[in-house]
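J.: Build me a model from this:
(chains A and B)
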Amino acid sequence: MSMTASASIILAAMVAVYIIAKIFKVSTELSIFAATLAGALVGGAGIPARHIVEGAFTYLDICLIFITATLFMNFLKESGGVAFVVRRILQRFHRRKFILFVLLTVLLLIPGMLTGAGSVTVLVVGGMVATVLGYMGISKPKTAAIVFIIAGLSAAAPPVSLWAMLTAAGVNMPYVGFFVPLMAPCLLLALMTIFILGWKAKPADLELALKELPEAPAGMNWLKVILPFLIFLILVIAGRIWPFSFPIMGLPLIFCGSAVITLALSPKKIDILEVSRRTVHQLLPLIGTLTCVGVLVQIMTLTGVRGLISVTVVTLPVMVVILTLFITLPVSETVLMWGSAPVLGVPLILLFNHIGLDPVVALAGMSVIWPLGDAIPPTAIIGRLTVETIGMKEPYKNFLKYCIIPAILIIIVGTLMVVFSKKLSFLKVF
Amino acid sequence: MLRKISILALGLALAFFSGLSFYRSRHLKEPVVLGPGVTQVKKLSEYFPAIKGSTNDANVYVLEGAKPGGAILILGGSHPEEPAGRLTTWILTENATLEQGRLFVLNSANRSGTTVTRLGGAYPPDYTIRTPWGEQKFRTGDRWSNPLDQWPDPEVYIHYPSRQELAYVDIRNLNRAWPGRPNGTLTEKTGYALTQLIKKEKVDIVIDLHEAELQYPVISTIVAHQRGQDLAAMASMVISAEEFKIDMENSPKALHGLSHREIGDNTDAVSLLFETPEPFLDATRGRTDARLLLEGKDEFVVRAGKHGLLYEKIDEKGWPIDVRVGRHCSTFIQVLDLWSQDHADKAVVMKNVPKYREVIQKGVGAFLHDPAKADPKTVYYE
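T.: Here you go, the predicted structure:
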C-alpha cells in the first residue's frame, strides 16, 4: 500500500473516532486522545507508550505558564487589586473614550508581546479590561471578541512571536528584521478592533458603575497593584538587557515571583490552598486539551498523517496556497497550536522563498493570521479561556460572530503582506 | 471511583513503559573500539574543567602521526539527529591512522542532545547498523540538548557575544552557541570548551558534520568561513568532477552562533561545515521511523520534489545512510589532501578511511568493529 493511501486511511479513522466521541458528548480533550489512540492502532503502532508520554510533554512549558499566570491573577483578584484598578480607571477616563481605548489596547498588547502567549494577555489583563469595557456598555460577547483578537495579535507581536520564531528556526533563518513587519500590523489591527467593536460604547454612568463594582479593601493602593506587574516586567526585561549575567528564570518562575509579591502586599488574608485548587480546577480542560494535542501531533507524525497534510498543502498551486492561507493557517492552529509553525509554516516559507517572496515579511503576515485559529472549535483553546476569564454566559457562537469583522481585516492585511512581501521588505529595519 | 482507578492504572502503565524506554535510551552504551591510529582518549573537560562530570564531558579521540604536522578537529553529533555525522566519526576513530599531524575526533559533540528525542517529532529512540559480526545500536538524539540537562529556556535566546536574537529553543542548540560562554548554559559551556580545545591544540581546520532536510537551501555543500573559501571551493570542484556533486557556500557574516562563522571569527582555525541530505528531517516526511532515518526513502518528500520544492534531488532510491556517510568521508579526505598539498609543514596525512564508493559498496557496518572481540582496554563508550 502506498504511503498516501495508508496515511489517508489512518487520518480517516482518526476523524471518524473523533466525530463518534463528540456524538457521545465526550469532552474535547478525551475525544482528541481517543482519535490519537485510533490513529496509532490503525497505523500499526499499537499503544506506543513512549510516543504518548513524549507527545504529552510537548507543551509542558506552556501549561506551566498558564497555571502560574492564572494563579498570580487569581491572587490579585482575591486581594482586591482588580476591583481597585477598575474603579480608578473608570473614575479617571470614563468620559474620554479615545484615550481609554488606546490605553486599554496597549495594556492588552504588552503581556503577549513579552511572552509570546495570547493566553497570558487574557489571564493577566483580560479580566480587568473586560470589566472596564462592560461598564462602557459593551456586551460580554463583544468584549470577549476584543480581548481575544488583541490577545492573539499581542502573541504575534514582537519581540517574542512564537510562530515566527519556530518557523524561522525550522528553516535556519535568523530571527532578525521581524520587529516592524510584526509590530506595525499588530498595533494597527488591535486599534481597529477595539474602535470598530467598541464604536457604540458610551461613557459609563460613573455613579451607578461604582455602586455596582465591589469595593476595594482598605489599604489597597496603586503601588500594591503595580508592584507585582513591575516585578514581572523587571524580571523579563532584565533577562533581555543582561542576558549574560542575569539567570534564566523562565516565565513560570517569574509569574510565581509576582504571585508571592501579590500575597505579601495583600491587605487581606488569602487562602492560598483554596485559590490554588480553584486555579488548577479552572484550567484543567485547557491543560488537558494542550496535553492531548501534543500526543496527537506526535502520533500524526509517527504514522505519516502530518506529512500527508503538509505535502498536500504545499503542493497545491501557489496562488491557491496563498489565497487559502486564511483557512489553512487558522485550522492548523486549531489542531496543532504552535505546532502548526514547524508542521505547516516551515514548508510554506520554504515554498515562498523558493518563488522569490520575502520570507521575513511573508512570515510576519502569516504570523498575524495564525492566532485566529485559537477561537475555532472544537479546541478553541484561547477562545474558551477568554470566554471563561471574562465570565461570558452567552452561547460561544455569539462571541465568534463579533470576531468576524476583525478577523476579515486581519486576513486581508496578513495575506497582502505575503503577496507584496518583496515590496514591503523595506520594513525589515531591525 | 472505578473510572478514576482505571485512568490512574492507565497513567501508571504508560508512565512505567515509557519511563523504561526513556531510561534505556539515556543510558544506552554506544561502544567505540579504538582503531590503531588512536593514541590518546581525552575528556573535553581537560580543556575547560567546568564541564567535568556533566553530560557533555565528551570523549576526545586523538590520533597522532609519527611526523609533526597540522591539527584537525572533526565534530560529529553537534546535531545528533543527523546520524551520518556521528557514524563518520565512528569510522574515523575505529579505522583511521595518521602518518603526519594530529586529528581530534568528537563522536558526540553535544552528548546531551544524544540522550533525548524531539517532543512531537516521533523520532525512534535508537537505530541499528548491521555489521559483519552482528548489529550495533546508536541513540537517535535530537537537534537540541536534553531539557533534563538544561531547563528552563528563556523567552528569547540572545546569542553571546553578538546579542543576536534567536528562537528560544536554540539556546540548547550547540550550532547556535559558538563560540560559547564560560559561565553560560551547558550548551554554551560546551561551545566554550570546544573553542578552548581549538585554541590550546592550535587546530588548523575545524570540520562540523551535519545533515539537512531537502527543503533547506543549504544542502549537499561545504559551508566555509571566508578564510576557508579557497579550500572548500577546490574540494567542491575536485569531488564534483571525480565522485559526486557537492557545492560550496560562503558562511553568512550576519548569522551568528554557527560553527562556520564563529570558529573562523574567534580562533585561528579555518572552519568548514559539511551538509548531506537527510529526508528524515523534512517537514513533509511521511511515517517517521528508523527505516526512514537510515534508508532516506519517502513518498511524500519525493512528491514535494516533483513539485520543485526541494533543493536536492530525490527518487524512489532515497538517500541511504551509506551514501550520506560516504559523502562525508570522501569530502573529509579531499579537504585533508588539498590542505596538506598547500601546507607541507602543517600537513595531516591520513590513511585507512574509506571513500564514497567503498562505503556504499561495503556498507557503514563493515567499518565498525566488534567490541566483544576487542581488547577491553580499547573499548570506550559514548
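
J.: Find the nearest non-adjacent residue to whatever residue of the stretch 201-350 of chain A ends up closest to chain B, please.
T.: Closest approach between the stretch 201-350 of chain A and chain B, counting by Cβ to the nearest Cβ: A:Gly250, at 3.0 Å. Quick note: C-beta positions are derived from backbone N, CA and C, even for glycine. Using Cβ to Cβ, 6 or more residues apart in numbering or on different chains and skipping residues adjacent in sequence, the residue nearest A:Gly250 is B:Pro152, 3.0 Å away.

J.: Check B:Arg303 too.
T.: That would be A:Val311: by Cβ to Cβ, 6+ apart, it lies 5.5 Å from B:Arg303.

J.: swap in A:Leu400?
T.: Nearest one to A:Leu400, counting by Cβ to Cβ, 6+ apart, is A:Ala375 at 6.3 Å.

J.: Compute the number of surrounding residues for the one you found.
T.: Here the number of neighbours of A:Ala375 (other Cβ atoms under 10 Å in any protein chain shown) works out to 27.

J.: That one is in contact with A:Lys397, isn't it?
T.: No - using Cβ atoms under 8 Å as the test, A:Ala375 is too far from A:Lys397 to be in contact (10.9 Å).

J.: starting at the chain centroid, how far to the helix-or-strand element of chain A with minimal mean pLDDT?
T.: The least trusted helix or strand in chain A, going by mean pLDDT, DSSP states H and E, turns out to be helix A:206-212, with a mean of 80. With Cα atoms, centre = their mean, to the nearest Å as the basis, helix A:206-212 stands 32 Å off its chain's centre.

J.: Would you mark the buried spots in that helix?
T.: A:209-210 (16 or more other Cβ atoms under 10 Å in any protein chain shown).

J.: helix or strand right after that helix?
T.: helix A:222-241 (DSSP states H and E).

J.: what's the average pLDDT for whichever helix or strand comes after that next one?
T.: Later in the chain than helix A:222-241, the nearest helix or strand by DSSP H and E is helix A:251-265. What helix A:251-265 shows for mean pLDDT is 94.

J.: can you map out the helices along chain B?
T.: B:2-26, B:83-95, B:111-114, B:186-200, B:229-242, B:259-266, B:290-295, B:299-306, B:321-342, B:356-362 (DSSP state H).

J.: Show me the contact partners of the last one.
T.: By Cβ atoms under 8 Å, 6 or more residues apart in numbering or on different chains, the surrounding residues in contact with helix B:356-362 are B:91, B:243-244, B:320, B:322-323, B:325-327, B:329-330, B:354, B:367.

J.: Using CSV, list the CA coordinates for it.
T.: As requested, the backbone C-alpha atoms of helix B:356-362 are provided in CSV (Å, rounded to 0.1, in the frame of the first residue of the first chain):
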residue,chain,number,x,y,z
TYR,B,356,32.5,7.3,-1.1
ARG,B,357,32.3,4.3,-3.4
GLU,B,358,33.8,1.9,-0.8
VAL,B,359,31.4,2.9,1.9
ILE,B,360,28.4,2.4,-0.5
GLN,B,361,29.8,-0.9,-1.7
LYS,B,362,30.6,-2.4,1.7
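
J.: quick one: buried residues of it?
T.: Here helix B:356-362 shows B:356, B:358-360 as buried, counting by 16+ other Cβ under 10 Å.

J.: can you put those residues in CSV and add distance to B:His210 and pLDDT?
T.: CSV is the format used below for those (distance: Cβ to Cβ, whole Å; pLDDT from 0 to 100):
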residue, distance to B:His210, pLDDT
B:Tyr356, 17, 98
B:Glu358, 22, 98
B:Val359, 18, 98
B:Ile360, 20, 98
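
J.: Could you single out the nearest of these to A:Val42?
T.: Nearest to A:Val42 among these, counting by Cβ to Cβ, is B:Ile360 at 36.7 Å.

J.: domains for chain A, by residue range?
T.: Domain segmentation of chain A under automatic domain parsing yields A:1-47, A:48-427.

J.: Out of those domains, which one sits most buried?
T.: Mean neighbours per residue, mean count of other Cβ atoms under 10 Å in any protein chain shown, is largest over the domains of chain A for domain A:48-427, with a mean of 21.
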